[in-house]
Structures are given as structure tokens and as C-alpha cells.
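> got a structure for you, letters missing:
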């Protein structure tokens, strides 16, 4: 059974940093593209970032480029998102999602971790 | 800000058929990029409903169907059931923006 379990969310002050994680199991993590998608309270889904299977190629939404860094540890089957210079508008539930292939839709999602940026 | 436009809400009685449109442009749907659909039940994570414009993952009832034409795509739900009350999102890739894009989302209400 595929499982994606996010952790590391919480309350952080504007300008602060946070690293969230996503522990994967039940599939070949090292062979899968992975994504982060966020959803502000009461709002729609927004794609944040993507990493290819070996971690050599990454992509970011313009709103987080230069502030967020996606990475992965295939030995630990874990996906990360390092978030720096956080702003109030970054407050959201952050979901990790597995790609069906190479940009072919997101076939499995975690339950999400809530990040709140507030003073 | 979303480049894929969906109606905010649709509704129907149990057993009826409803459709949700997803309107894009020549840099996303019209450029040939696939459209995928997700269902988000209240308080839960999204779930893949349709991939590659019209394909259902294992376990998704055949009451759900997808189609694509030109710069738009549609999701149809036939035989509407109370359990179908949820938010639905389309998703594709936009070559001008160089990123994945979601639709604005549609709330389906069963009357």
C-alpha cells in the first residue's frame, strides 16, 4: 500500500524558516518524480515544486523560487521542502504527491502538514 | 491567478448527470498537454479521479468520465450520488509559465 506521510509543519514567524518532510513507502521511491502542492485555508490547490527521481532536476513556482528548496533522500525514501524567508501568504496545508510518471498527474497524495506563518 | 477556469459550483439531484468544464489556452490544454482531474472530499487530501484526459485509475467508478477538446476539458458525473459531494480540480501543464497548473476548483452539491 502506497503511503505518504508529511511532517514538520507548525507555526513560524514571518521571515523564518521551516523544513517539512514526507516519508514514502509502498512503492519504488527512488524511481518516482515527486511534488509539493499547497492549499491555503478555504482556497484551491497550488503546485509548489517538483523533483525528478534522482534529485538532479528541480522546478519551482515563481512565488517560491529562491526561497524554497526541494530535495530528496532516496536511501531514506524521504522528500523534503526547505522553506526560508517565509511570508504570511505561504500559510497553507502542504501536500506531497507522487507523480504517475514524468508529469503525468499525481496519483498518490499525503494527508498534508499545516504551515502557519504569523507573528 | 489560475490559468485554468472552472465554474465555482454545480449541483444536481441524485441520479442526474452533471458536467464540470475546465477552460485553458493554447499554452496548456490547447498545446496538447494532458488534463487530469482530482476529487477532494471535505477535510481530506485530493484523490486522482481521471488521468490522461479520459482514463480512470483502478477503483474509480465508471460514473466518472473525462474528455478534452481544443483548449478545454470536461469531467462528467453520471448517476450522481450523495458521496460525490466534493471539490473537483482539473490540472495540466503550462508551457508559457513552465509549471504545472490547477483549475480554480468546482464545488459539486447533491440536492
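That came through, no problem. Fair warning: this is a prediction, and the values are worked out from it, not measured in the lab.
> Looking at the residue sitting furthest away from the middle of chain B now. What's its pLDDT?
Relative to the centre of chain B, the most outlying C-alpha is that of residue B:96, 21.5 Å out, by Cα atoms, centre = their mean. The confidence metric pLDDT takes the value 94 at residue B:96.
> my guess is it meets residue B:27, correct?
Yes. With contacts counted by Cβ atoms under 8 Å, residue B:96 reaches residue B:27, the gap being 3.9 Å. In this view, the C-beta of every residue, glycine as well, is placed from N, C-alpha and C.
> ok, which stretches of the chain are strands?
Using chain A. Per DSSP state E, chain A has strands spanning A:3-7, A:10-12, A:18-25, A:34-39, A:45-51, A:58-60, A:68-73, A:78-83, A:92-99, A:106-109, A:113-117. These are given in chain order.
> try again with chain B
In order along the chain, chain B carries the following strands (DSSP E): B:9-12, B:18-23, B:36-40, B:47-50, B:64-69, B:72-77, B:86-94, B:99-102, B:106-110.
> if we can go back for a sec, okay if I get the strands of chain A as JSON lines plus mean pLDDT?
Shown next, in JSON lines, are those (pLDDT from 0 to 100):
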{"stretch": "strand A:3-7", "mean pLDDT": "98"}
{"stretch": "strand A:10-12", "mean pLDDT": "98"}
{"stretch": "strand A:18-25", "mean pLDDT": "98"}
{"stretch": "strand A:34-39", "mean pLDDT": "98"}
{"stretch": "strand A:45-51", "mean pLDDT": "97"}
{"stretch": "strand A:58-60", "mean pLDDT": "96"}
{"stretch": "strand A:68-73", "mean pLDDT": "98"}
{"stretch": "strand A:78-83", "mean pLDDT": "98"}
{"stretch": "strand A:92-99", "mean pLDDT": "98"}
{"stretch": "strand A:106-109", "mean pLDDT": "97"}
{"stretch": "strand A:113-117", "mean pLDDT": "98"}
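> will you turn those strands into JSON lines that also has distance to chain B and mean neighbour count?
Rendered in JSON lines, the data for the strands of chain A read as follows (distance: least, Cβ to the nearest Cβ, whole Å; neighbours: other Cβ atoms under 10 Å in any protein chain shown):
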{"stretch": "strand A:3-7", "distance to chain B": "9", "mean neighbour count": "17"}
{"stretch": "strand A:10-12", "distance to chain B": "19", "mean neighbour count": "14"}
{"stretch": "strand A:18-25", "distance to chain B": "12", "mean neighbour count": "19"}
{"stretch": "strand A:34-39", "distance to chain B": "7", "mean neighbour count": "24"}
{"stretch": "strand A:45-51", "distance to chain B": "4", "mean neighbour count": "23"}
{"stretch": "strand A:58-60", "distance to chain B": "7", "mean neighbour count": "17"}
{"stretch": "strand A:68-73", "distance to chain B": "13", "mean neighbour count": "18"}
{"stretch": "strand A:78-83", "distance to chain B": "15", "mean neighbour count": "22"}
{"stretch": "strand A:92-99", "distance to chain B": "6", "mean neighbour count": "23"}
{"stretch": "strand A:106-109", "distance to chain B": "4", "mean neighbour count": "22"}
{"stretch": "strand A:113-117", "distance to chain B": "11", "mean neighbour count": "18"}
